[in-house]
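>>> Got a sequence here, can you model it:
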Amino acid sequence: MTRKHGEKEIGKRLENDGLEYKANGENTHLVEKVKKKRRRLPSLERLRHELVYQLRESLQASQEKMNNPELSLEERHHWTQIHTHTAQVLNTILRDLQLKDWEKRLKEIEQPGLIYKTLPTR
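Purely as a prediction, here's the structure:
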């Protein structure tokens, strides 16, 4: 890591904490910023992928529990319900992602010059 890269990284961390370096002659010290900047939120796409990952992990765990012969029938029934509900949520999210992807592709196809939209004449 170069010195410049390290200084940038430190600057980003300080900015997230609402601090900055202030040079006063030869002395350099930390001061609190007057206007705090909001932290950058993760992108929606990253959040969706993380959610899908967590739901798949949950499905795998509930599958193991519901197939565990050591658990009572009532407990396995409970885990089957959890598994079913988790699968429904995951399917809904994946369907929404697929629809957004189709809309994006359709917009690319419908760009001017790529497809001609003609109405039938009578």
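>>> Would you mind finding the longest helix in this protein?
Determined from DSSP state H, the single longest helix within the chain is helix 73-109.
>>> Helix, strand, or coil at N68?
For N68, the assignment made with DSSP: H, G, I helix; E, B strand; the rest coil gives coil.
>>> Tell me, how many residues neighbour W79?
19 (other Cβ atoms under 10 Å). Backbone N, C-alpha and C define where each C-beta goes, glycine included.
>>> I figured it hits M66, correct?
Yes: here W79 reaches M66: they are 4.0 Å apart, a contact under Cβ atoms under 8 Å.
>>> what about S43, distance to H49?
9 Å (Cβ to Cβ, to the nearest Å).
>>> Give me the domain ranges for this structure.
If you go by automatic domain parsing, the domain ranges for the chain are 3-32, 44-109.
>>> what bits of this structure have low per-residue confidence?
Within the chain, the stretches with pLDDT under 70 are 1-42, 112-122.
>>> export stretch 88-100 as CSV, just CAs?
The C-alpha coordinates for stretch 88-100 follow below in CSV (Å, rounded to 0.1, in the frame of the first residue of the first chain):
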residue,chain,number,x,y,z
GLN,A,88,-41.9,-18.5,-0.7
VAL,A,89,-40.0,-15.4,0.2
LEU,A,90,-36.9,-16.4,-1.8
ASN,A,91,-39.1,-17.2,-4.8
THR,A,92,-40.8,-13.8,-4.6
ILE,A,93,-37.4,-12.0,-4.4
LEU,A,94,-36.0,-14.0,-7.3
ARG,A,95,-39.1,-13.4,-9.4
ASP,A,96,-38.8,-9.6,-8.8
LEU,A,97,-35.2,-9.7,-9.8
GLN,A,98,-36.0,-11.6,-13.0
LEU,A,99,-38.8,-9.1,-13.9
LYS,A,100,-36.4,-6.2,-13.4
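>>> Kind regards, and thank you for your time.
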